[in-house]
Each structure stands twice: as structure tokens, then as C-alpha cells.
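S.K.: Structure for the following, please:
(one chain, ligands or ions: 1)
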Amino acid sequence: MDVPEPVLWDTVLEERKASIITKGKQKKHLKCDIDSVAGCVSQRACVYCGARVVLNPVTDAIHLVHGPIGCASYTWDIRGSLSSGSELYRNSFSTDLKEQDVIFGGENKLARAIDELVAKYPAKVVFVYATCIVGVIGDDLEAVCKAAAKKHNIEVIPVQSSGFAGNKAAGYRAACDALLRLIQPGELSSAPRVNTINYLGDFNLAGEFWIIKNYLKQVGIEVNVAFTGDSNYKALKNATRASLNVIQCAGSMIYLAQRMKELYQIPYLNISFLGLEDTATSLRKIAAHFGDESIMARVEELIERETAKVKPVLDWYRQRLQGKKAAIYVGGGFKAISLIKQFREIGIDVVMIGTQTGRKEEYQTINDLVDEGTVILDDANPSELEKFMLEKGAHLLVGGVKERPLAYKLGIAFIDHNHDRKHPLSGFVGAVNLAKEVYSTLCSPVWQYV
Ligand code: SF4
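M.R.: A predicted model of the protein is given here:
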């Protein structure tokens, strides 16, 4: 696995060097939150993908992709958010635009598709996603959706997510704009209820939202609605009844939280339910916000009870994983920050860490948390990931579906912390699941044969 140094260093383009730092060796700040460098194979996804990630978990909505059929392949199956009710969201509908539509316009086809879907499925809301080609040919999504909404007397909401118009972060914003249109309170909306939260930035992957909802219920806090895991039209319509918004994935939801604060005076808190330390801190933070002594006492009881259950198991894993090195490359900053602490809990050092859409303040926290010598990078490409994983001697890569082949080709263990997972990684139970997965992949006998 020894690759000569000059070959590896050549893999970093001059324009990319300001987005990569090594803690202790260079200045603290890296360049982030900017467009990808032309010519680099960015690991970021497109605008449409970002919008789909956020909106697709709305379970009883019709999700209609206005574009060529290929875009519609990004669907429920590659995220796996779970529902306790409707299963309509698991369908991926598409207008399947062809050459003729590109030449003559796709508006009529879109209007017909909405008519057909609404006749077949009794939904109260349709999300219509714009894709690259729709942005190019200039179909008026707003007008078609407005006419369809009037005709069918339901909400038809355009999502301005043409793939080329930015990166995944712009898609998050497009999705939040669509949600803001949906949650506008009507005249009969009731006032916010005490000790009630909205849980933003959780998509109920493998049932993660249900775990956190259950913790909160045990301490006397009600979850009004999650944005958007296991959510539905009716619950989202009542979103302004919460007295606090808590944000798990800030990258996707901070904009929505800020707008809800401006429009509806709902305050917000950043939290994270990944790992023991952050789960306990987040529960305490929410309880402290409400200032209710009985809630605070119940939070302490819950933390003590749940920690006692999982601590011996994590200790067992820590003894076996001590000294291993992890590389992390995930979508947003909140996850990266929690993972540094979570790996420490099981004895693993983080030697390389990066995100697709992290913000300046998140990178500052990352820099404060990691050890000297850790490489921190924003919007990396595969050759950079390869270079730094090899240079730092990482035994494990944590990433998403696009990073998996890279790890396996290098003979490095891999964990999907994004799309393709069947077990929850949130809360106390999630901390054990992560440790178990890390152990099974890192200590697998397969690495003896690579
Ligand atoms: S980049 Fe464009 S064509 Fe590709 S999936 Fe995104 S919207 Fe569709």
C-alpha cells in the first residue's frame, strides 16, 4: 500500500489547497461553502438530490419528478426512511421527458401527469421536482402547479431543484421553501403548545426518529412533527403549534428553522442524537430550554438508565478497537462533529475528516475537537480522499454510497452513515449499533486476504 509521496501530492489541485488543512500545521480556517472547483469530481450531489432527501420522507405526498426517467431513480430505496402510516412516498413518479418534450416543452405532459396521479391516489399534496432539463427548457412549473392546485383543490407545490443550479445545499433550501409554503398557518391555527417540539433534520432512517421520540415522551416532551421523517400532510400543516424547533441535521434545516423563527417566533436549538455524549447533552439542552424541573429530573434519570445499559457493551468494543484509525467523509458538519466524539467513546482516532456541505462554524468546531495532525477537508474528490487515507494510515472510512467503492478498492473497511443502512444510529441504542458495525467491518477476517 506504499504510494510514493510525490504522486500522491500531485493529486491535489492548486485551487483545492485552501479547502484542506492539517490541524496544528496550517492556519485554522479552510475555504468552504463555495462552488466546487471546475474539473474536480466532487462527491457532492445535485440540487434535485438535496431536495429529494428532505422531502421524500413526507409519507402521504405524491412525489412527481419532472424530468427524464433517470432522475427518478433517486427514490425511497436509496434512503430507506420508514413510515408508520401511508406508503405512498415509496413510489417514484416521473413525467419521463423525451426529446420531443425538450423541443416543444413539457408543461402539458406535467399537467396530464398530475391529473392522472391525483385521480389514482387520494393525496392532499403533490411535490413537483424540477430537474436539470426543466431548468434548461424553461417550463413554468409555478404556473402548471397553480392551475393543477385550483383544478383538483389540493396543494401542488413546485420544488425549484434543477440539478445544475448549485449543489445539494441549494436543494435543501429549495425543499425548505416548499415546506414553508405547506406549513403556512391558516386562520384557525391554534397557538403553540408548551413542552412541544418540532424535530428538524431527521428523516427516520431505519426508525431513528421513533427512538428519539420515545426518549422525549419518557421525559414529558411531545414531538409535534418531524421534518420530515415519518411526517404527513396533516402533521406538517400543524407545524407552527410547537414551542421549539430542535435541529439534528443543521445543513439541511437551519434555513427552515431561521425562517420559522422570523415568521412564527419559534426559537430553535442545534442538537445531535449521535453518540452517548451528544445524546445526553442534547436531552439536557432541550430540557433546560423549557426550564421545567420535573422534565430535567426525568432527563437525568433516562440518561443514567440508558447509559448503564449500553456502557458495558461499548467498553467491550473499545477494548477491541483501541488504536484503530478512522477517516470520515459525510454530508454535513453536525454528523462529522458527533462522529469524532463517538469514535473516541470506542477508542478510535479520527485521522481525516471532511464534509460535502459543512459550514465555517462547523469546521471551526471540528478543528477544535480533532487531534493535531488530523487532515480536515471540504468538498473532497476521490483522489484527495485516497491520498489522505493512505497517508494517515486509516483502517476505516465512514461515508455514503459514493465513497464505498473507494474504500473497498483500497482494502479499507467501510461504514455507510448515509443512505444504505438498515439499523438506526441515533440515541443510546444507535451508539451500540455503530460500535457493533465498526467492530464487524474492522475485525472481519476478509482483510487478511486483501
Ligand atoms: S444532475 Fe440533473 S440530470 Fe442528474 S439527477 Fe440531478 S437533476 Fe437529474
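
S.K.: Can you name the residues that contact the residue of the stretch 301-450 of the chain at minimum distance from the ligand?
M.R.: In the stretch 301-450 of the chain, the residue that lies nearest the ligand is residue 402 (13.2 Å; C-beta to the nearest ligand atom). All C-beta spots, glycine's among them, are computed from the backbone N, C-alpha and C. Each residue near residue 402 by C-beta atoms under 8 Å, 6 or more residues apart in numbering is listed here: residue 43.

S.K.: What's the separation between it and residue 69?
M.R.: Between residue 402 and residue 69 the distance, using C-beta to C-beta, to the nearest Å, works out to 21 Å.

S.K.: Specify the local secondary structure of residue 310.
M.R.: What DSSP: H, G, I helix; E, B strand; the rest coil gives for residue 310 is helix.

S.K.: Tell me, how many residues neighbour residue 38?
M.R.: Burial measure for residue 38: 8 neighbouring residues, criterion other C-beta atoms under 10 Å.

S.K.: Now name the helix or strand holding it.
M.R.: Mapping residue 38 onto the secondary structure by DSSP states H and E places it in no helix or strand at all.

S.K.: And the helices in the stretch 251-400 of the chain?
M.R.: 276-290, 293-321, 333-345, 360-369, 382-392 (DSSP state H, counting those that start in this stretch).

S.K.: Show me which parts of the first one are buried, residue by residue.
M.R.: Residues of helix 276-290 classed as buried by neighbour count (16 or more other C-beta atoms under 10 Å): 276, 278, 279, 280, 281, 282, 283, 285, 286, 287, 289, 290.

S.K.: list the contacts for the second one?
M.R.: Read it as residue 278. Residues in contact with residue 278 (C-beta under 8 Å, 6+ apart) are 271, 272, 338, 341, 342.

S.K.: try 7 Å
M.R.: Residues in contact with residue 278 (C-beta atoms under 7 Å, 6 or more residues apart in numbering) are 272, 338, 341.

S.K.: Export those as a markdown table, with columns for distance to the ligand and pLDDT.
M.R.: Output for the contacts of residue 278, formatted as a markdown table (distance: C-beta to the nearest ligand atom, whole Å; pLDDT from 0 to 100):
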| residue | distance to the ligand | pLDDT |
| --- | --- | --- |
| 272 | 28 | 95 |
| 338 | 28 | 93 |
| 341 | 34 | 95 |
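
S.K.: For the helices of the stretch 251-400 of the chain, state which one has the densest average packing.
M.R.: helix 333-345 (a mean of 24; mean count of other C-beta atoms under 10 Å).

S.K.: who touches that one?
M.R.: 248-251, 272, 274-278, 314, 326, 328, 330, 350, 353, 355, 358-359, 362-363, 365-366, 369-370, 398, 417, 431, 434.

S.K.: what's the angle between that helix and helix 293-321?
M.R.: Counting by axes from the mean of the first three to the mean of the last three C-alpha atoms, to 10 degrees, helix 333-345 lies at 60 degrees to helix 293-321.

S.K.: pLDDT score for residue 78?
M.R.: Taken from the predicted model, the pLDDT recorded for residue 78 is 68.

S.K.: and what of residue 191?
M.R.: Note on residue 191: pLDDT of 69.

S.K.: cool, and residue 419?
M.R.: Residue 419 carries a pLDDT value of 67.

S.K.: How about residue 73?
M.R.: Taking residue 73 on its own, its pLDDT is 85.
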